[in-house]
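1. Quick check, what structure comes out for this input:
(one chain, ligands or ions: 1)
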Amino acid sequence: MELICPIDQHCSNQIAALLRPPSLPLVQEYFEQLISKRRCQGIKVKQNGEFGKGVFADADFEEEELIFKDQMLVGAQHPSNKIDCLVCSYCFKFIGSVEQQIGRRLYLKTLGIGISSHNGCESNSSDEDEEDHFVQNNHISENGASSSSGSTIPLPTTTVQSLMNGEFALPYSNKFPLPSIISCPGGCEEAFYCSKSCAEADWESSHCLLCTGEKSECCSRKALLKFIQHANETNDIFLLAAKAISFTILRYRKLKASHLSEQEKTASSILGTDLSLLLEAWKPISIGHKRRWWDCVSLPDDIDASDEATFRREIRELAFTSLQLLKEAIFDMECEPLFSLEIYGHIIGMFELNNLDLVVASPVEDYFLYIDDLPYPEKKEAEKITQLYLDALGEDYSICCQGTAFFPLQSCMNHSCCPNAKAFKREEDRDGQATIITLRPICKGNEVTISYIDEDLSFEERQALLADYGFRCRCPKCLDEET
Ligand SMILES: C[S@@+](CC[C@H](N)C(=O)[O-])C[C@H]1O[C@@H](n2cnc3c(N)ncnc32)[C@H](O)[C@@H]1O
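-> Sure thing, here's the model as predicted:
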């Protein structure tokens with residue numbers, strides 16, 4: 001029997017208003033403001049007619065030139081990656097020290113918690129396979145760390161702890177300073193920051209509702225923990241959807257507070273949902289290209305086409321279960337339409353269709369490369385100490401921070417199999433922003449395109465992968481290869 005969400009039914013008009021594509025002038029105004037705020041004046045977002053919005057060059061660009069950097073609207077580190085990298089929960093810069101990064105990872109290995117088995121950090125391309133890689137073998141040796149692969153050599157626990165606690169400094173690590181760790185003001189011990197300003201910004205943007213600490217402003221911490229556990233066990237994209245909903249609720253509350261103070265807080269307080277305020281609060285999310293998750297997600301390879309309807313029904317039910325847990329945790333009556341399955345499905349679909357990876361390179365890699373590049377005899381002396389840690393970390397010594405995020409400008413970029421730009425982090429790009437660089441010169445007025453997939457694949461493979469994004473590519477390369 002078809003599952004029915006009661007909020008879908010009684011908020012249908014408000015939901016339709018929220019899902020109506022924003023008008024052209026509104027889109028134009030939104031991006032003009034965003035581009036000016038980001039100080040990336042060389043681009044424009046325009047409706048390109050055929051495929052909706054697109055990013056266009058508003059200046060001439062040379063080869064390998066930075067076109068723009070884009071701050072994420074909402075983003076999250078993959079739960080499994082949190083074991084490997086300690087980063088700011090708001091800007092995603094690495095924090096603590098090289099010793100803490102290494103010590104923490106080795107310490108968590110001793111607990112058998114898990115570790116990613118690949119580093120996959122070469123690029124922030126959008127089609128990387130992001131499986132979770134947990135350690136199967138979690139035995140703990142009596143005097144040392146367990147290892148995730150046969151190729152690591154464990155260290156004594158006391159050595160690992162002294163590294164993690166900052167009691168022991170590795171040679172030359174002062175060349176790689178990192179911001180000190182600031183704990184979450186809500187006391188959750190799960191979110192950490194590089195600065196007070198990042199902690200405050202995160203708290204105000206979404207974390208105050210999603211914090212599991214004692215100062216959390218959620219309705220029920222127990223329900224929130226259940227929601228998080230469910231997302232970790234099923235699909236961590238639900239955590240991002242929760243951030244998008246919290247972000248909208250908090251914007252709504254702020255807008256309402258300033259609206260009321262403008263009216264000098266007369267007795268006429270708003271009862272129920274004020275749709276115009278909710279639409280305004282929702283605007284940054286409304287701009288994102290979206291479809292319902294269970295309609296747009298591609299059929300996994302291991303599911304037979306004859307089971308497609310069952311598969312789509314099951315993931316819709318999964319989203320409903322997740323939504324009920326979230327509703328119990330952070331429900332706000334004035335923002336009720338945000339808790340409809342229709343809106344939840346579209347938010348998840350937005351992440352699915354825009355599929356943008358969050359990648360930040362690790363300073364641990366820089367550190368070991370620095371040691372490797374030292375002249376003799378300094379290198380030999382340093383390696384007497386560092387080699388032990390490198391052996392304990394194994395081949396995956398330099399896992400980068402990985403997650404998913406929604407970048408408002410990057411998400412307007414259309415695909416081409418012969419793109420003129422790419423998302424590429426340079427040496428200096430050490431936070432969660434997306435960085436777009438030209439692959440060849442681009443003249444003012446031309447569309448800036450990236451490839452959503454590996455463009456070196458065969459024509460058939462490319463089309464199959466692009467079907468996940470809901471279109472068939474007709475770029476010059478595809479038209480040429482089609483015949
Ligand atoms: C990340 S969005 C890009 C921005 C989008 N055009 C918009 O209006 O928001 C991805 C979606 O844009 C459309 N798209 C992007 N590149 C395309 C292409 N080469 N051909 C057809 N549609 C494309 C598809 O609908 C795809 O799911």
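
2. What ranges does the stretch 201-350 of the chain have for its helices?
-> For the stretch 201-350 of the chain, the helices defined by DSSP state H, counting those that start in this stretch cover 208-210, 221-233, 237-262, 275-286, 293-296, 308-330, 341-354.

3. Can you convert these into a markdown table and add a column each for mean neighbour count, distance to the ligand and mean pLDDT?
-> (Glycine included, C-beta is placed from N, CA and C.) Below are these laid out as a markdown table (neighbours: other C-beta atoms under 10 Å; distance: least, C-beta to the nearest ligand atom, whole Å; pLDDT from 0 to 100):
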| stretch | mean neighbour count | distance to the ligand | mean pLDDT |
| --- | --- | --- | --- |
| helix 208-210 | 23 | 25 | 98 |
| helix 221-233 | 17 | 23 | 97 |
| helix 237-262 | 19 | 15 | 93 |
| helix 275-286 | 19 | 11 | 96 |
| helix 293-296 | 20 | 8 | 93 |
| helix 308-330 | 18 | 18 | 97 |
| helix 341-354 | 24 | 5 | 93 |
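
4. For those helices, could you give me a markdown table that also reports distance to residue 173?
-> Listed next are these as a markdown table, based on distance: least, C-beta to C-beta, whole Å:
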| stretch | distance to residue 173 |
| --- | --- |
| helix 208-210 | 34 |
| helix 221-233 | 32 |
| helix 237-262 | 33 |
| helix 275-286 | 40 |
| helix 293-296 | 44 |
| helix 308-330 | 40 |
| helix 341-354 | 37 |
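
5. Name the residues of this structure found near the ligand, please.
-> 51-54, 289, 353-354, 411-412, 414-416, 469-471, 473, 475 (C-beta under 6 Å from any ligand atom).

6. can you tell me which of those residues are in strands?
-> 53-54 (DSSP state E).

7. For the chain, list the residue farthest from the centre, please.
-> Ranked by distance from the centre of the chain (C-alpha atoms, centre = their mean), the top residue is residue 377, with 42.9 Å.

8. Roughly how far does that one sit from the ligand?
-> For residue 377, the distance to the ligand equals 53 Å [C-beta to the nearest ligand atom, to the nearest Å].

9. Leaving out the residues flanking it, which one is nearest to the closest residue to the ligand within the chain?
-> Nearest residue of the chain to the ligand: residue 52, at 2.5 Å (C-beta to the nearest ligand atom). Leaving aside its sequence neighbours, residue 52 sits nearest to residue 289 (C-beta to C-beta, 6 or more residues apart in numbering; 6.4 Å).

10. The residue lying closest to residue 173 once chain neighbours are set aside - how many residues pack around it?
-> Nearest residue to residue 173, sequence neighbours excluded (C-beta to C-beta, 6+ apart): residue 98, at 4.6 Å. Neighbour count of residue 98, defined by other C-beta atoms under 10 Å: 26.

11. Run a quick check on residue 98 versus residue 174, I expect a contact.
-> No. Using C-beta atoms under 8 Å, residue 98 makes no contact with residue 174, being 9.3 Å away.

12. who are the neighbours of the least confident helix or strand in the chain by mean pLDDT, in terms of helices and strands?
-> Counting by mean pLDDT, DSSP states H and E, the chain has its least confident helix or strand at helix 157-164, which shows a mean of 88. Judged by 3 or more C-beta pairs under 8 Å, 6 or more residues apart in numbering; DSSP states H and E, helix 157-164 is in contact with helix 98-110, helix 378-393.

13. for the longest one, the distance to its chain's centre please.
-> Shown here is helix 378-393, whose average C-alpha point lies 34 Å from the average C-alpha point of the whole chain (C-alpha atoms, centre = their mean, to the nearest Å).

14. And the first one, by the same measure?
-> Using C-alpha atoms, centre = their mean, the mean C-alpha position of helix 98-110 is found 23 Å from that of the whole chain.

15. hang on, the earlier thing: and the residue farthest from the centre of the chain, how far is that from residue 383?
-> 10 Å (C-beta to C-beta, to the nearest Å).

16. now residue 174
-> Where residue 383 is concerned, residue 174 sits at a distance of 18 Å (C-beta to C-beta).

17. Mind checking which of those two has more residues around it?
-> residue 383 (16 against 10).

18. My guess is the more buried one contacts residue 373. True?
-> No. Taking contacts as C-beta under 8 Å, residue 383 lies outside contact range of residue 373: 11.7 Å.

19. List only buried entries from the residues of the chain next to the ligand.
-> Buried residues within these, counting neighbours by 16 or more other C-beta atoms under 10 Å: 53-54, 289, 353-354, 411-412, 414-416, 469, 473, 475.

20. I'd like those residues as CSV, with distance to residue 459 appended.
-> CSV is the format used below for these (distance: C-beta to C-beta, whole Å):
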residue, distance to residue 459
53, 26
54, 23
289, 25
353, 22
354, 24
411, 26
412, 26
414, 19
415, 14
416, 14
469, 16
473, 9
475, 11
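
21. before we move on, back to that, indicate which one of the helices and strands packed on helix 157-164 is closest to residue 422.
-> helix 98-110 (27.8 Å; C-beta to C-beta).

22. In which helix or strand does residue 30 reside?
-> In the assignment (DSSP states H and E), residue 30 maps to helix 24-38.

23. any low-confidence regions in the chain?
-> Residue ranges of the chain with pLDDT under 70: 1, 49, 113-151, 263-273, 355.

24. I'd assumed residue 389 was in contact with residue 155.
-> Yes. In this structure, residue 155 is within contact of residue 389 by C-beta under 8 Å, at 7.2 Å.

25. got any residues that touch both of those two?
-> Here residue 155 and residue 389 share the contacting residues residue 106, scored by C-beta atoms under 8 Å, 6 or more residues apart in numbering.

26. and for stretch 157-177, what are the contacting residues?
-> With contact meaning C-beta under 8 Å, 6+ apart, stretch 157-177 is reached by 97-100, 102-104, 106-107, 110, 143-145, 363, 366-367, 370-371, 374, 381-382, 385-386, 388-389, 392.

27. C-terminal to the helix holding residue 30, what's the next element?
-> Next element after helix 24-38 (DSSP H and E): strand 43-47.

28. So which elements touch that next one?
-> helix 24-38, strand 53-57.

29. For the ones you listed, please prepare a markdown table with the additional fields distance to residue 221.
-> Listed next are the helices and strands packed on strand 43-47 as a markdown table, based on distance: least, C-beta to C-beta, whole Å:
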| stretch | distance to residue 221 |
| --- | --- |
| helix 24-38 | 35 |
| strand 53-57 | 39 |
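
30. ok, the residue nearest to residue 99 when sequence neighbours are not counted to residue 239 distance?
-> Counting by C-beta to C-beta, 6+ apart, residue 163 is the residue found nearest to residue 99 once chain neighbours are left out, at 4.8 Å. In this view, residue 163 and residue 239 are 30 Å apart by C-beta to C-beta.

31. same question, residue 344
-> Taken as C-beta to C-beta, the span from residue 344 to residue 239 is 13 Å.

32. Kindly report the same for residue 195.
-> In terms of C-beta to C-beta, residue 195 sits 23 Å off from residue 239.

33. looking at the helices and strands packed on strand 43-47, which is buried most?
-> With neighbours taken as mean count of other C-beta atoms under 10 Å, those reach their highest mean count in strand 53-57, at a mean of 21.

34. Pull up the pairing partners for it, direction included.
-> strand 43-47 (antiparallel), strand 447-448 (antiparallel) (DSSP bridges).

35. And the following helix or strand past that strand, what does it pack against?
-> Remark: after strand 53-57, the chain's next helix or strand is strand 66-70, criterion DSSP H and E. Helices and strands touching strand 66-70, by 3+ C-beta pairs under 8 Å, 6+ apart, are helix 24-38, strand 434-438.

36. Many thanks, have a good one.
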